[in-house]
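Trainee: Provided below for reference: sequence and predicted model.
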Amino acid sequence: MSSEPLLRVENLKTQFFTEAGTVRAVDGISFEVREGEIVGLVGESGAGKSVASMSIMGLVEAPGEIVGGEITYKGETIFGLEEGPDGELRKRDDALSDEEIRTRIRGNEIAVIFQDPMESLNPVFTVGGQLREFIELNRGLEADEARAEAIDMLREVGIPDPEERYEEYPHQFSGGMRQRVLIAMALACEPSLIIADEPTTALDVTVEGQILELVDELQSKYGTSFVWVTHDLGVVAEICDRVNVMYLGEIVEQAPVDELFYETKHPYTDALLDSIPRPDRTVTELEAIEGVMPEAIEPPSGCRFHPRCPDAREVCKRVHPETRVVADADGEPHRAACVKHDAFDVDYEGSPPLAGATRETGDGVAEGTASELAPNPADDGGEGRE
Amino acid sequence: MKLLKYTVYRLAQAVPVLIGISVITFLLANLGPGDPVSLMLQGQEHSEELVRAIERRYGLDRPLHERYLTYMAGLLQGDLGQSIYYERPVTDLILDRLGPTLLLVVSAYVFALATAIPLGVVAADRRNEPTDHVSRIAALVGVSTPSFWIGIVLILVFAVKLGWLPSSGLYYPWRPPSAYRGIDGHLELYYQSARHLLLPMIALGTLQMATIMRVERTQMIESLQGEYVKLARAYGVPERTVLRKHAFQVAQLPIITIVGLNLSTAIGGAVLVETVFNINGMGQLFVGAIQRNDYQLVMGVTMMLGVLFVVGVIITDISYAYVDPRVTYGERE
């Protein structure tokens, strides 16, 4: 574990100012990415994963804006706010300017791979031309050197006849081949970090498998770090080293990948795992997570997951848990934002379960009765059902 | 090479269209009200024999299908028949007048494209800012004002009130009218020719400019939201290049379509503008022919305008194929 991580995101907040209200898309997340590591950012649609990754690149579009937090990359501040003399927030002096982020960070230090390979390439330019442009720009190469580099990179990502394919247009490539082009594009700029925003979501499963294998292989060869944004825990299990689970703009659980899967500490992660088929468990029916994720305009009080949480108790409506270390996994902290852990001293055990909380608590808690049969607290009576 | 094949293919497709145009114009001209024979007699006292003789001379006594076939046979040899009023071959009359009309339409488009595209890009880039609102109002006015009215106002202001520009006529610099004979130097002739062109060009081009500008703005806004634009930004491409290259190139495809489709309104508008500016082009020839019931000339001009339109559409299609790599040149994979 080196002392300074490659990327550190601290208490990042990104909001969208819409007519319906302020959408708190990313609401105070912290995580880090170390050299050579693949870090997962997992969650349902709308959890704020993509906004978080675009915030790192400084590419949040209006009406969105980063309103708080700090992002450091290789010890330099990419984004940072401070309070000005009149109490207003302003950009810190040591933070990089927009121009510096564009020329020094985007592409050459942090590259991206987007979700939709069909839409990400410009339809009216050749694949080679687009690769060459980005390579020229980010590595300062001459046109013919950049061309040679582009062709080498196309070969590297497994595109046959790269010299000929270089001259072709995106519509002449299949989805999987286009995603390989985008991977080639990212790697060819020789960044230290690649943000992959659901790069395999638009692909079919066999192609997805090939792409994941390719990324795994290239990652060990080049030592590039990745932030892998996905909603697919299967993909996470396959390639990630550490995982951040996001729910409604917050990171609710953060752990090394094996620890997350086998020592799950947050009911939301649990629910996610129960909702996907697993070879190591035989079930007759998969359990979907009840309900839909609420709007990030007015998130629920207390723990944001409590309306859907099978373990929810009265206290969950009141106390908003910030992410805390709840266990130790071979020297790595395992963080979770759930008050049922001892790290949160809020008398979870003494609090009555909420109506709709359907599960007996699994942590060996001495509660003999199934929670749905437990008496409802008075203030909750309206929602009570047998 | 593929493009050449596509061109030939599109030209071949135009043949049935042109045959269709010829049938329709022939029927309209021959079955419509009005009688060419009485035009020729110009209200003189006449005997039944004279009418018969004239009918025989122009083949008007034969059945319609026979007359059509004769007409088509002539058409294939470039013979569009004889104008009754001018007593000259229709082909010669059209060739005389085609130039000014083409010059007017082409320059109106050049004017429209040269102004509308930059304005549309700026409006998209400054979306919902004052520049955008002003351009929207200007476009609305441009779309809703008829070209002949714009022409009249332009004449009133720039020719009558200010006296800066001539109010009528249109000339090629290489074929100057007698008034300009003896002027030394080509530059002066070009200058005079351009002065004559300016007002009718604006009158005809304004509608096109307004339409193209709105489409350009919409397309640019859509293109700027594309994933490929996001990708270019994420790779550190400067905003200017994103706007002028990555977003711009994709946004131009529908503009080509608009130009092609609006060709018919432009040619129709040219007829009006030529009348307002007293330009000796196809428009005036056409209007005169209709008024005089000169049916051979009406057919000839209609055919010619049809051909112009078809050629315009083909040029549009071919340039589309040239600009957009996704067009498959009509071949099956």
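Mentor: Sure, I can see it.
Trainee: Can you report how many residues neighbour A:S97?
Mentor: 10 (other CB atoms under 10 Å in any protein chain shown). (Each C-beta comes from the backbone N, C-alpha and C, glycine too.)
Trainee: now do B:Y58
Mentor: 18.
Trainee: Could you pull up phi and psi at it?
Mentor: With angles defined as degrees, to the nearest 10, B:Y58 sits at phi -90, psi 10.
Trainee: just for the chain, where's the confidence low?
Mentor: No chain in the question, so chain A it is. Chain A contains residues with pLDDT under 70 at A:1-3, A:356-386.
Trainee: I was after chain B.
Mentor: The model of chain B has pLDDT under 70 over residues B:1, B:33-36, B:39-40, B:42-43, B:173-185, B:328-333.
Trainee: Chain A contacts on that one?
Mentor: Counting by CB under 8 Å from any CB of the partner chain, chain B comes close to chain A at B:226-228, B:230-238, B:246, B:249-250, B:253, B:323-326.
Trainee: Would you mind giving me the ChimeraX syntax to select the buried ones in those?
Mentor: Here is the ChimeraX command that selects the buried residues among the residues of chain B next to chain A (16 or more other CB atoms under 10 Å in any protein chain shown):
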select /B:226,227,228,230,231,232,233,234,235,236,237,246,249,250,253,324,325
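Trainee: What about the residues of chain B next to chain A, which are in helices?
Mentor: Here DSSP state H is the test, and those give B:227-228, B:230-234, B:249-250, B:253, B:323 as lying in helices.
Trainee: farthest pair in these?
Mentor: Maximum pairwise distance among these (CB to CB): 25.8 Å, between B:A234 and B:V323.
Trainee: helix/strand/coil for the spatially most central residue of chain A?
Mentor: Centrality entry for chain A: nearest residue to the mean C-alpha point is A:L41, 2.2 Å, by CA atoms, centre = their mean. Three-state call for A:L41 (DSSP: H, G, I helix; E, B strand; the rest coil): strand.
Trainee: which ones are touching it?
Mentor: A:31, A:49, A:52-53, A:227-230, A:244, A:246 (CB atoms under 8 Å, 6 or more residues apart in numbering or on different chains).
Trainee: okay, among the residues you listed, which ones form the most distant pair?
Mentor: A:F31 and A:T230, at 14.8 Å, using CB to CB across those.
Trainee: who in the stretch 151-300 of chain A is up against chain B?
Mentor: Applying CB under 8 Å from any CB, we find that the stretch 151-300 of chain A lies next to chain B at A:169, A:171, A:182, A:185, A:189.
Trainee: give me every residue that touches the first one.
Mentor: When the contact criterion is CB under 8 Å, 6+ apart, the partners of A:Y169 are A:123-127, B:325-326.
Trainee: Buried only: go through those residues for me.
Mentor: A:123-127, B:325.
Trainee: what two of those residues are the furthest from one another?
Mentor: Pairwise distances across those (CB to CB) peak at 11.6 Å, for the pair A:V124 and A:V127.
Trainee: quick one, phi/psi of the residue in the stretch 51-200 of chain B that chain A sits nearest to?
Mentor: Nearest to chain A in the stretch 51-200 of chain B, going by CB to the nearest CB, is B:R127, at a distance of 10.2 Å. Phi and psi for B:R127, reported as degrees, to the nearest 10, are phi -60, psi 130.
Trainee: wait, it sits on B:M220?
Mentor: No: applying CB atoms under 8 Å, one finds B:R127 not in contact with B:M220, separated by 9.0 Å.
Trainee: Settle it for me: which of those two has more neighbours?
Mentor: Ranked by neighbour count (other CB under 10 Å), B:R127 and B:M220 place B:M220 first, with 24 against 12.
Trainee: quick one: buried residues of the helix or strand containing that one?
Mentor: Using DSSP states H and E, B:M220 sits within helix B:186-224. Neighbour counts over helix B:186-224 (16+ other CB under 10 Å) mark B:189, B:192-193, B:196-217, B:219-221, B:223-224 as buried.
Trainee: Next: stretch A:306-320.
Mentor: Buried, per 16+ other CB under 10 Å, within stretch A:306-320: A:306-317, A:319-320.
Trainee: Which residues are in contact with the residue of the stretch 51-200 of chain B closest to chain A?
Mentor: B:I221.
Trainee: one more time with 10 Å, if that's ok
Mentor: B:R127 makes contacts with B:217, B:220-221, B:224, as judged by CB atoms under 10 Å, 6 or more residues apart in numbering or on different chains.
Trainee: so A:D342 makes contact with A:Y348?
Mentor: Yes: with contact defined as CB atoms under 10 Å, A:D342 reaches A:Y348; the gap is 9.0 Å.
Trainee: ok, B:F248 touching B:A232?
Mentor: No: B:F248 is beyond contact range of B:A232, at 11.6 Å (criterion: CB under 10 Å).
Trainee: Report the set of residues contacting both of the two.
Mentor: B:241-242.
Trainee: Tell me where the stretch 1-150 of chain B has helices.
Mentor: For the stretch 1-150 of chain B, applying DSSP state H, counting those that start in this stretch gives helices covering B:2-31, B:36-41, B:48-57, B:64-76, B:90-125, B:130-144, B:147-154.
Trainee: For those helices, could you give me JSON lines that also reports mean neighbour count?
Mentor: JSON lines is the format used below for these (neighbours: other CB atoms under 10 Å in any protein chain shown):
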{"stretch": "helix B:2-31", "mean neighbour count": "14"}
{"stretch": "helix B:36-41", "mean neighbour count": "16"}
{"stretch": "helix B:48-57", "mean neighbour count": "13"}
{"stretch": "helix B:64-76", "mean neighbour count": "13"}
{"stretch": "helix B:90-125", "mean neighbour count": "20"}
{"stretch": "helix B:130-144", "mean neighbour count": "14"}
{"stretch": "helix B:147-154", "mean neighbour count": "19"}
